[in-house]
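Enquirer: From the sequence below, what's the structure:
(one chain, ligands or ions: 2)
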Amino acid sequence: MCGIFGYCNYLVEKSRGEILETLVQGLERLEYRGYDSAGLAVDGDNNDQLVFKEIGKVVALRNKIDSADINRSKIFSNHVGIAHTRWATHGEPKPVNCHPQSSDLNNEFLVVHNGIITNYKDIKILLQGKGFVFDSETDTECIAKLFKHIYDTNLASGIELDFHHLFKQVLFELEGSYGLLVKSSHYPDEVIATRKGSPLLIGVKTERKLKVDFVDVEFPQDANSSTPNPPNPPQRRALNSQKNSSLNLLPVVPENLRRQISRSFVNDEGEPLPVEFFLSSDPSSVVQHTKKVLFLEDDDIAHIYDGELHIHRASREIGASATRSIQTLEIELAEIMKGPYKHFMAKEIFEQPESAFNTMRGRIDFINHTVKLGGVKSWISTIRRCRRIIMIACGTSYHSCLATRSTFEELTEIPVTVELASDFVDRRSPVFRDDTCIFVSQSGETADTMTALKYCIEKGALTVGVVNSVGSSISRQTHCGVHINAGPEIGVASTKAYTSQYIALVMIALSLSDDRISAVNRHKEIIDGLKDIPQQIKKVLQLEQKIKKLCETVLHDQRSLLLLGRGAQFASALEGALKIKEISYMHSEGVLAGELKHGVLALVDDKLPIIIFATRDSLFTEVQNAIAQVTARSGKPIIICNEGDDLVKDGNTSATLEVPLTVDCLQGLLNIIPLQLTSYWLAVGKGIDVDFPRNLAKSVTVA
Ligand code: UD1
Ligand code: F6R
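Expert: Numbering: from 1, shown residues only. Ligands and ions are numbered 1, 2, ... in the order given. This next block holds a predicted model:
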């Protein structure tokens, strides 16, 4: 998915070469999100802009910059650079469609954008009518051109707007979702950033500790503000034009100052501090520079100039917070590096004993058999009274809901439905105030899940998040929730997030039912089972070499694969099939074993590879029947079974993969690991870049 990165230095001397390196490195940290092209813009030598764009990997952009004939040693003590990785939505990947998108040949306004402008066609037609010529097929280009149009129109009336006032006028015309950074030759060394439905954060780096760890929000014509209102826009612009000091300016006296001074970024004498700002759609590109970050909220307009960060709102909403806090990120750079593994996906698969433990750490008391989830404990009694639970998610996260649904039903005795977010929204399914809606998402930013969340909030339901990314939109916008604490997941294929989501959901079900005397023994059994899971996962991971061999022999060069599971293992079949298709590009299909005779058997012969989940649970006998149906048609399935259960001994199977036995409702945690490894080795065998499978993105922030 698209990634945004911006860098501003103020009173901190940096050469052009250093600035370019910071921007390119910022993009490299965003690579894991998936993208098809990249671009950036920095200042030129004559109030012009240097723009670089390239399709393919960031390294291609780096090479292009390296071979450019530019003065790399020129020093800037005050500068703004913006950069972008693009994942094509409007227009194929080609240089002209890369960001930054420009307003005109002189690059008066340059824009990088994540998201989609839904009314871009209308804006484009309007601007074309006014003589603008569009070069790209992107929706973003209309933003850059709209800037120029509104700027020129105001100027023609003698008004030189402050950058953020100009921005407000542009935003007024835009519909859709966006994370945006804008730089302009009319506003040197200034940058504007905003977000609506697309994440954006600002890292702050100073030598000295900030005076306060928040930024005041500036509302228009704010009667309640403790600081004086800024002068009107035209006057403010002229007052700030230090670079145009030959103009006939008003004297700079305190009451004429352009804006209120942000309390965070000044020293004791009220003077600005040397400071660097890192703007990004993702903390992973900021942590190497600073851990102090401010998360923008939807519709915040961040304006950075003269070493200060100002947050503006178009209007003062009732109950709106008057500050944005500068938080300390706990994520470590080491956490997002590959370590000894060749791919992030492998690292994350092998991290699961640890990530599974981290999900439970501090939350389960294995001695007293109790579960305490800090994020939901004060909501538990409300949830218990709900009429039904609706679990909503996409992809792998949806499968973790399917895998735990029966545990919820069994333990809570509350009806549970599981919904794919896009379908749920398409149907505008009825939701009531006494429903509890659980949103499961690794990234916490998935557009369909977010849309469903907003819909459920509108309907007055209680919303609960189960999210990996702390500070993500879903984590912040749900009433309450549980962070799964799996650590950053960078491989596009979700692995450790699945097992941690599964555990977090089981823990929620346990918390909801810890008042039921009749469930005490079952609770004890499940909690004891959870205690052993990390060690058992470690054991399953030892199957790697056997699985690798299967991928090189039985599964090699196959075009299609069926996975059969029943009950909770249907979720394992679906998740296994998703992993295989997304990483190895082999068609694979998860089938409910009970449905075999209703059509799917037609596919079975001695050639089609089939994987069957046949671990011991209440449906074990039924699954044996499914195996018999397959082998009777010359099928030679690969069977995932419990240790010692060598199910078909007469040569009817291609292989058995034995996993430890756990409590029935946790078995899926172990059963999925062989499939993660299978997808990994199938893909590696085909030479596929496992961390960046084609056509996929880590965080799907467009619907
Ligand atoms: C919190 C701290 C953790 C600390 C622990 C010990 C955070 C993020 N977590 O963990 O570092 O070790 O206390 O006291 O500071 N939330 C949502 N929606 C979601 C996910 C979470 O609203 O999708 C909310 C929760 O309701 C809660 C907060 O975010 O208010 C933190 O959730 P979580 O990290 O799960 O809470 P703890 O496990 O208590
Ligand atoms: C598959 C995968 C996707 C995601 C889906 C939801 O490996 O990663 O199917 O699970 O896009 O993403 P999140 O969990 O971030 O909402």
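
Enquirer: following whichever strand or helix holds His149, which helix or strand comes up?
Expert: Taking DSSP states H and E as the criterion, His149 maps to helix 141-156. Later in the chain than helix 141-156, the nearest helix or strand by DSSP H and E is helix 163-173.

Enquirer: Check which element follows that following helix along the chain.
Expert: Next element after helix 163-173 (DSSP H and E): strand 176-184.

Enquirer: and the direction of that following strand versus that of helix 163-173, what angle?
Expert: Strand 176-184 runs at 150 degrees relative to helix 163-173, counting by axes from the mean of the first three to the mean of the last three Cα atoms, to 10 degrees.

Enquirer: tell me what strand 176-184 is packed against?
Expert: strand 3-15, strand 75-86, strand 109-117, helix 141-156, strand 191-196 (3 or more Cβ pairs under 8 Å, 6 or more residues apart in numbering; DSSP states H and E). From N, CA and C alone the C-beta is placed, and that goes for glycine too.

Enquirer: tell me the mean pLDDT for stretch 3-11?
Expert: When pLDDT is averaged over stretch 3-11, the result is 96.

Enquirer: now stretch 460-471
Expert: 92.

Enquirer: per-residue confidence at Leu239?
Expert: For Leu239, the predicted pLDDT is 31.

Enquirer: Tell me which residue in the protein sits closest to ligand 2.
Expert: Gly395 (1.9 Å; Cβ to the nearest ligand atom).

Enquirer: so what's that residue up against?
Expert: Gly395 makes contact with Ser494, Leu578, according to Cβ atoms under 8 Å, 6 or more residues apart in numbering.

Enquirer: and the helix or strand hosting Cys641, what does it pack onto?
Expert: Using DSSP H and E, Cys641 maps to strand 638-642. Here strand 638-642 touches strand 610-613, strand 655-659, going by 3+ Cβ pairs under 8 Å, 6+ apart.

Enquirer: Reformat those as a markdown table; add mean neighbour count and distance to Val266.
Expert: As requested, these are exported to a markdown table (neighbours: other Cβ atoms under 10 Å; distance: least, Cβ to Cβ, whole Å):
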| stretch | mean neighbour count | distance to Val266 |
| --- | --- | --- |
| strand 610-613 | 29 | 62 |
| strand 655-659 | 20 | 60 |
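
Enquirer: can you list those strands in JSON lines and add distance to Glu354?
Expert: Compiled in JSON lines, those are given as follows (distance: least, Cβ to Cβ, whole Å):
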{"stretch": "strand 610-613", "distance to Glu354": "25"}
{"stretch": "strand 655-659", "distance to Glu354": "19"}
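
Enquirer: mind giving me a markdown table with those strands and columns for distance to Ile19 and mean pLDDT?
Expert: Converted to a markdown table, the helices and strands packed on strand 638-642 look like this (distance: least, Cβ to Cβ, whole Å; pLDDT from 0 to 100):
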| stretch | distance to Ile19 | mean pLDDT |
| --- | --- | --- |
| strand 610-613 | 52 | 96 |
| strand 655-659 | 52 | 94 |
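
Enquirer: Helix or strand: which one has the residue of the stretch 501-650 of the chain found nearest ligand 1?
Expert: Residue nearest to ligand 1 within the stretch 501-650 of the chain (Cβ to the nearest ligand atom): Ala504, separated by 8.4 Å. Ala504 belongs to helix 496-512 when assigned by DSSP H and E.

Enquirer: Distance to ligand 2 for the helices and strands packed on strand 638-642 - can I get that in a markdown table?
Expert: Formatted as a markdown table, those follow (distance: least, Cβ to the nearest ligand atom, whole Å):
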| stretch | distance to ligand 2 |
| --- | --- |
| strand 610-613 | 18 |
| strand 655-659 | 21 |
